[in-house]
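Participant: Give me coordinates for this.
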Amino acid sequence: MIQKKYQLKRVNQAGFITNNINEARFVINYKNELNLAQYEAASAVEGAYLIIAGAGSGKTRTLVYRVARLIELGYQPQTILLLTFTRKAANEMMNRAALLLDNRCSNINGGTFHSFANSILRKYAKVIGFESAFTILDQGDSQDVINLIRSQSGLAKKEKRFPNKQTLNKVFSFSVNTEKKVEDIILDDYPHFYEQIDQILDIQKIYSSYKKKNNLLDYDDLLIYLRDFLFSLSPSAKTLLQSFNFFMVDEYQDTNKLQASVVSALTQLRQNIMVVGDDSQSIYAFRGANFKNIMDFPNLYDNVKIIKLEENYRSTPEVLNFANKVVEEAVEKYPKVLFTQKLSGELPAIVATQNENLQSKFIVEKILELHEEGISLKDIAVLFRSSYSSFDLEIELTKANIPFVKFGGMKFVETAHIKDVLAFLRISLNPKDVVSWYRILLLHEGVGPKTAERILDDIATGNISLSQNPNHDTKAKLNEKIFRLMEVLYSLHMKSGTPTEKAQQAINYYLPIFKDKYDDFNKRKKDLDIFLNITEKYRSMESLLSDMAIEPPIDSVVDLEETTKEDEFVTLSTIHSAKGLEWHSVFVIHAIDGFFPSYRSIDKLENLEEERRLMYVAVTRAKQNLFISYPMNIYDRESGTTLSKPSRFIANVTEELAEGWLLEE
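Facilitator: Predicted coordinates:
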């Protein structure tokens, strides 16, 4: 009998047989393409990794190369899950990886937390306990439902002030995302409402049951249901988890507690997790982001490897030295020092002006000077802590005929006319969508809240149904206009057609109402045309409506400044909106204690530290020129003109790090 010899090979956690890796067979020379720290991160395979990626350190490049390398190693693209905060970021990474290697990289699972949750919940809806045709409520819809409950329940008595729909929605959402009790949030932020806490909690309970009854999910529900489904470890959940080998999370410093628990739920069976972020750029606590998530990550998994990306490819050494100084005094951080191979440039300037108007005039003059030197207006930005800080500057820019765009306006899908059209399409998919029914009914002349509620009762009891063609019996119950509406909605619900065809049908019906409702309908009409163009990218109504709710287009023609027609414009932006962007020359204005950091943050260390990180983000947007300015005299309505002192974040900056300029009239 001949004995066979067997060779044992280690099969790793991800189910792939590992031998010594011969990089010579790879299409890409990873060692040559990346710096040492980037290469270490990109060549990581199994285990838990925390990549601390300093500003401008090639974080996206590193992730892209890691995706390509995993695929070159033989892992199936579908087994890699990449979670980001915007669809744009996910698409950019997948496209760049595909250009780098090949189209296999486009097949990884990539998207935002909410879009991933939406796709999983629709697939496993029945297992989880609701219909797959659920409607996603955006923020405005959630507020409207809360308002309906608030007024119908009689909980909000007129004789005593009660929180409005925006406040209630903000509190409920903040509670879910931070795992803080509603009671504690009210006590901390709205103590004047605390005596009504029982009524507030009642509204929260009714809101939850109302959503469930009507097959509605808000943004937070998407993540809650996903987390609970994964933690259940049901056969379906296990099958899903076993289909992934690797998990990657971008911008981990911006995750809240709920998102962090989704990540924990995903890694129950395989702990091949890489999170990438920068503790020094954690600036979204007001949205519920938790700085502690990135600081505590090494305690969540065994043998977490921390890799720091500190070489900066964006800024001059002078800008980086200034940034390092800002952040070195942070109380809690992963120590890092940004450096660059770039040539030296100008020292940053700290500019003290006599008053706010002189600050504005200095910036206008400097922008014109930079433009004369050949720097495009598009490569110049003015950043500020709060939106109102730029009002005086806007006047001076207009006087000097310098075009500008200010970031932070209404989103495209939040405009009333687009929400009207979306309501028709949402009902076509989910006839239980009471929010959309209510919106559409109230568009019609002669239909007030009481009539709308009576019709909604008929729909709820089945007296009126979109599954049956409206007949004369229905006509007798409704006026002519509403009968015509029912015919259109029946057609949208029951008949087949592309999303574009259905959107066109809804718009055809809506146009006469639209023209009566808006004086500027000619201007708004462009939005309807844009919306029709958007629908042509979609094959299913479900995917169109999901994207409109989860990842909507940002700009509306109504909201865009006329100046955007110019070839060039200066960017005015809050620092929060500027994160992730960069410009040749950056102005940071109103760097005064009380403004930046804000008064509200000074009494709490964690808030003050977040303000410091905000300054760090502002400073690291600059590639070449950095100007930080503050007016020495600020007009205060109560006390008249008052002296101001520079922000504590720049108070200790020495002459070696920045030039000091004083401007007086």
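Participant: C-alpha from now on. contacts and neighbour counts both.
Facilitator: Fine.
Participant: residues touching residue 584, list them.
Facilitator: The contact partners of residue 584, by CA atoms under 8 Å, 6 or more residues apart in numbering, come to 375, 379-380, 622-625.
Participant: Cross these against strands and list the overlap.
Facilitator: 380, 622-625 (DSSP state E).
Participant: how much space between residue 40 and residue 30?
Facilitator: According to CA to CA, to the nearest Å, residue 40 stands 10 Å off from residue 30.
Participant: Quick check: the two most widely separated of the contacts of residue 584?
Facilitator: Farthest pair in these (CA to CA) is 375 and 622. Separation: 13.4 Å.
Participant: quick one: which of the contacts of residue 584 has the most company?
Facilitator: Neighbour counts for those, by other CA atoms under 10 Å, peak at residue 622, which reaches 26 neighbours.
Participant: and that one, what pLDDT?
Facilitator: Confidence at residue 622, expressed as pLDDT, is 96.
Participant: Who are the contact partners of it?
Facilitator: 314-315, 319, 582-586.
Participant: For those residues, which single residue is the most surrounded?
Facilitator: residue 315 (29 neighbours).
Participant: In this structure that residue contacts residue 340, no?
Facilitator: Yes - in this structure, residue 315 is within contact of residue 340 by CA atoms under 8 Å, at 7.5 Å.
Participant: What's the separation between residue 27 and residue 35?
Facilitator: Using CA to CA, we find residue 27 at a distance of 18 Å from residue 35.
Participant: show me where the stretch 151-300 of the chain has helices.
Facilitator: Secondary structure of the stretch 151-300 of the chain, counting by DSSP state H, counting those that start in this stretch: helices at 165-178, 182-189, 197-213, 219-232, 235-242, 257-266, 291-296.
Participant: Next, report how far the first one is displaced from the centre of its chain.
Facilitator: Meaning helix 165-178. On the basis of CA atoms, centre = their mean, to the nearest Å, helix 165-178 sits 16 Å off its chain's mean C-alpha point.
Participant: Please shift the residue numbers so they start at 8 in all later answers.
Facilitator: Let's use 8 as the start, then, which means that last one is helix 172-185.
Participant: could you give the mean pLDDT of that helix?
Facilitator: 91.
Participant: and if you look at the third one?
Facilitator: The predicted model gives helix 204-220 an average pLDDT of 91.
Participant: Buried residues of that helix, list them for me.
Facilitator: Using 16 or more other CA atoms under 10 Å as the burial criterion, the residues of helix 204-220 that qualify are 206-207, 210-211, 214, 217-218.
Participant: repeat for the fourth one
Facilitator: Along helix 226-239, these residues count as buried under the neighbour rule (16+ other CA under 10 Å): 226-234, 236-238.
Participant: which element follows the helix or strand of the chain with the lowest mean pLDDT toward the C-terminus?
Facilitator: None of the helices or strands of the chain scores lower by mean pLDDT, DSSP states H and E than helix 479-484, at a mean of 55. Downstream of helix 479-484, the first helix or strand assigned by DSSP states H and E is helix 487-501.
Participant: by contact count, what packs against the helix or strand following that next one?
Facilitator: Downstream of helix 487-501, the next assigned helix or strand under DSSP H and E is helix 506-524. Applying 3 or more CA pairs under 8 Å, 6 or more residues apart in numbering; DSSP states H and E, one finds that helix 506-524 makes contact with helix 423-436, helix 487-501, helix 528-542.
Participant: Report the distance from helix 506-524 to the chain centre.
Facilitator: Using CA atoms, centre = their mean, the offset of helix 506-524 from its chain centre is 30 Å.
Participant: Can you show me the CA trace of that helix as PDB?
Facilitator: The C-alpha coordinates for helix 506-524 follow below in PDB (Å, rounded to 0.1, in the frame of the first residue of the first chain):
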ATOM      1  CA  PRO A 506     -39.900  55.900 -13.400                       C
ATOM      2  CA  THR A 507     -39.500  58.600 -16.000                       C
ATOM      3  CA  GLU A 508     -42.900  57.800 -17.600                       C
ATOM      4  CA  LYS A 509     -44.600  57.800 -14.200                       C
ATOM      5  CA  ALA A 510     -42.800  61.000 -13.100                       C
ATOM      6  CA  GLN A 511     -44.000  62.700 -16.400                       C
ATOM      7  CA  GLN A 512     -47.600  61.500 -15.700                       C
ATOM      8  CA  ALA A 513     -47.500  62.900 -12.200                       C
ATOM      9  CA  ILE A 514     -46.000  66.200 -13.400                       C
ATOM     10  CA  ASN A 515     -48.600  66.500 -16.200                       C
ATOM     11  CA  TYR A 516     -51.300  66.300 -13.500                       C
ATOM     12  CA  TYR A 517     -49.500  68.600 -11.100                       C
ATOM     13  CA  LEU A 518     -48.600  71.400 -13.500                       C
ATOM     14  CA  PRO A 519     -51.900  73.400 -13.300                       C
ATOM     15  CA  ILE A 520     -51.700  73.200  -9.400                       C
ATOM     16  CA  PHE A 521     -48.000  74.200  -9.600                       C
ATOM     17  CA  LYS A 522     -48.700  77.300 -11.700                       C
ATOM     18  CA  ASP A 523     -51.500  78.400  -9.300                       C
ATOM     19  CA  LYS A 524     -49.400  77.800  -6.200                       C
END
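Participant: In that helix, which residues are buried?
Facilitator: 506-507, 509-514, 517, 521.
Participant: How about residues contacting it?
Facilitator: Where contact means CA under 8 Å, 6+ apart, the residues beyond helix 506-524 that reach it are 424, 428, 431-432, 450-451, 495, 499, 528, 535, 539, 542-543, 545-548, 551.
Participant: Could you pull up the mean pLDDT of it?
Facilitator: Mean pLDDT, helix 506-524: 90.
Participant: for stretch 577-596, same thing?
Facilitator: Rounded mean pLDDT across stretch 577-596 is 92.
Participant: buried set for that stretch?
Facilitator: 577-583, 585-586, 589-596.
Participant: now stretch 319-332
Facilitator: Of all the residues in stretch 319-332, those buried under the rule 16+ other CA under 10 Å are 319-332.
Participant: Equivalent analysis for stretch 249-269, please.
Facilitator: So, applying 16+ other CA under 10 Å, buried residues of stretch 249-269: 249, 251-269.
Participant: Just give me how far that stretch sits from the chain centre.
Facilitator: 15 Å.
Participant: Export only the CA atoms of that stretch, formatted as PDB.
Facilitator: Provided in PDB are the C-alpha atoms of stretch 249-269 (Å, rounded to 0.1, in the frame of the first residue of the first chain):
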ATOM      1  CA  GLN A 249     -20.700  35.000   6.200                       C
ATOM      2  CA  SER A 250     -20.900  36.500   2.700                       C
ATOM      3  CA  PHE A 251     -18.400  39.200   3.700                       C
ATOM      4  CA  ASN A 252     -14.700  38.700   4.200                       C
ATOM      5  CA  PHE A 253     -13.600  42.300   4.800                       C
ATOM      6  CA  PHE A 254     -15.200  45.400   6.300                       C
ATOM      7  CA  MET A 255     -13.800  48.900   5.700                       C
ATOM      8  CA  VAL A 256     -15.200  52.100   7.200                       C
ATOM      9  CA  ASP A 257     -14.100  55.600   6.000                       C
ATOM     10  CA  GLU A 258     -14.200  58.700   8.200                       C
ATOM     11  CA  TYR A 259     -14.700  56.600  11.300                       C
ATOM     12  CA  GLN A 260     -14.200  59.700  13.500                       C
ATOM     13  CA  ASP A 261     -17.600  60.900  12.300                       C
ATOM     14  CA  THR A 262     -19.600  57.800  13.400                       C
ATOM     15  CA  ASN A 263     -22.200  58.100  16.100                       C
ATOM     16  CA  LYS A 264     -23.000  55.400  18.700                       C
ATOM     17  CA  LEU A 265     -25.600  53.700  16.500                       C
ATOM     18  CA  GLN A 266     -23.300  53.500  13.500                       C
ATOM     19  CA  ALA A 267     -20.500  52.100  15.700                       C
ATOM     20  CA  SER A 268     -22.900  49.400  16.900                       C
ATOM     21  CA  VAL A 269     -23.700  48.600  13.300                       C
END
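Participant: Perfect, I'm done here.
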